[in-house]
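> Fold the following and give me the result.
(chains A, B, C and D)
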Protein chains: 2
Amino acid sequence: MENLQHDRPRLAEALRRGELFSAECPSRDILKHITSRWGLLVLVALLDGTHRFSELRRKIGGVSEKMLAQTLQWLEDDGFVDRVSYPVVPPHVEYSLTSLGQEVARQVESLADWIELNLGRVLRARRVQ
Amino acid sequence: MENLQHDRPRLAEALRRGELFSAECPSRDILKHITSRWGLLVLVALLDGTHRFSELRRKIGGVSEKMLAQTLQWLEDDGFVDRVSYPVVPPHVEYSLTSLGQEVARQVESLADWIELNLGRVLRARRVQ
DNA sequence: GTAAGTACGTACAAAAAGGTAAGTATGGAA
DNA sequence: TTCCATACTTACCTTTTTGTACGTACTTAC
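Take a look at the predicted model:
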C-alpha cells in the first residue's frame, strides 16, 4: 500500500453524470444499445418476466434469431439482462432483467406506452403517410 | 352524401392502440424516428425551447448537417416539431416542439436523464468495456 | 424414419444509415 | 475584396446494420 486511500469507487467516477450531448461520452453507447432497433422491444418484453430465447423471438414480431441474440448480448454486456443457460439438449436458456435493467426498462416502457396509446393522434397529426 | 354518417374521426382509428410487438404496426415507424441516432437528442434539445438549425447543430455533438436536417424532417412529418422559416438572407429557420412533441419529448427526456444519472452504475456493472 | 424444435454462431449479401464535400444566395465583418 | 455564417440539398462513397441460410447435437412427436 503506497498510501492510506482505500479503493472504494472514486467519487469522480461515481458521481460523474453522463452528457448525451457530447459525442465522446460513453453514455452514447448505452443509448445506442437501448434504442437499437430491437433493444427497446426486448427490454419491454422482459418486464413481463423471464423468457426463453424462442419465447422472445415469437413475442417480438419481425426479429431474426441473429439480431435477437446480438441485442441480448449487448444488453447483457451493459448489465441490463441476466442470462442463465441450462446444460441440456435441446438447449434451454432463460433471460431476465437485472435490477438495473428493470430501472431502464421502466423508463423505456413509458415511452413505448405513450407511443402505443397516442398512435391515433400521431397518425392524424402527420403531414406525410 | 350517400348516407348520414358524418366524417368525424372513425372510432376504430381514434381508439386503436398501437402494438409495438407486431411488425406491421405503424407505431414501429414512429418509434424508429424517435429512437433514431439523433432523434432522441433533438427532442431533448428542443425541450429547452426554440432553436435555430445551427444552434441545434452546435448543441448536439457529432451531428452532421445532413443528418440533422433529415432527423428534423422526420420529426416534423410526424407532427412533433414545428418549423418556421423567415424569408431572409442569410436563411433563418426556427424549430420548436408541437404540443404532441412536448409529450413525447418528456418521456424521452426521462429516459435520457436516467442514462445520464446512472452512467456510473452502468459502467461499473458492465462486463465489457 | 423423418421432421421439428432448441439456442445460437458464422459466412455472405443486401439494405440502410451515415459522412464528406460542394453548391446556393446574400449580408456583414475584417 | 475575400471570407465566414446561414440552412439546407445533392451526389458520391464508406460504414454499419440487418437479413438469409446453413450447421449443430440431440430429443420428441408423427
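> Which residue ranges of chain A form helices?
Listed in chain order, the helices of chain A (DSSP state H) span residues A:11-15, A:27-34, A:39-46, A:53-59, A:65-77, A:99-125.
> how about the fourth one against DNA strand C, any contact?
Yes - contact of helix A:53-59 with DNA strand C is found when judged by Cβ under 7 Å from any atom of the strand, involving A:53, A:54, A:55. Every C-beta, even on glycine, is put in place using the N, C-alpha and C of the backbone.
> can you tell me if that helix touches chain B.
Yes - contact of helix A:53-59 with chain B (Cβ under 8 Å from any Cβ of the partner chain) involves residue A:59.
> Now rank the residues of helix A:53-59 next to DNA strand C by neighbours and give me the top one.
residue A:53 (18 neighbours; other Cβ atoms under 10 Å in any protein chain shown).
> can you pull the contacts of that residue?
Applying Cβ atoms under 8 Å, 6 or more residues apart in numbering or on different chains to residue A:53 gives the contacts A:68, A:69, A:72, A:93, A:95.
> what about the second one, neighbour count?
This points to residue A:69. As a burial measure, residue A:69 scores 12 neighbours (other Cβ under 10 Å).
> The last one now?
When neighbours are counted by other Cβ under 10 Å, residue A:95 registers 23.
> distance of it from residue B:52?
Distance of residue A:95 to residue B:52, given as Cβ to Cβ, to the nearest Å: 45 Å.
> Now do the buried residues in stretch A:31-47.
Using 16 or more other Cβ atoms under 10 Å in any protein chain shown as the test for burial, stretch A:31-47 gives A:31, A:33-36, A:38-46.
> from chain A, which residue is nearest to DNA strand D?
Of all residues in chain A, residue A:37 sits closest to DNA strand D, at 3.0 Å by Cβ to the nearest atom of the strand.
> Would you agree that residue is in contact with residue A:64?
No - judged on Cβ atoms under 8 Å, residue A:37 makes no contact with residue A:64 at a distance of 10.6 Å.
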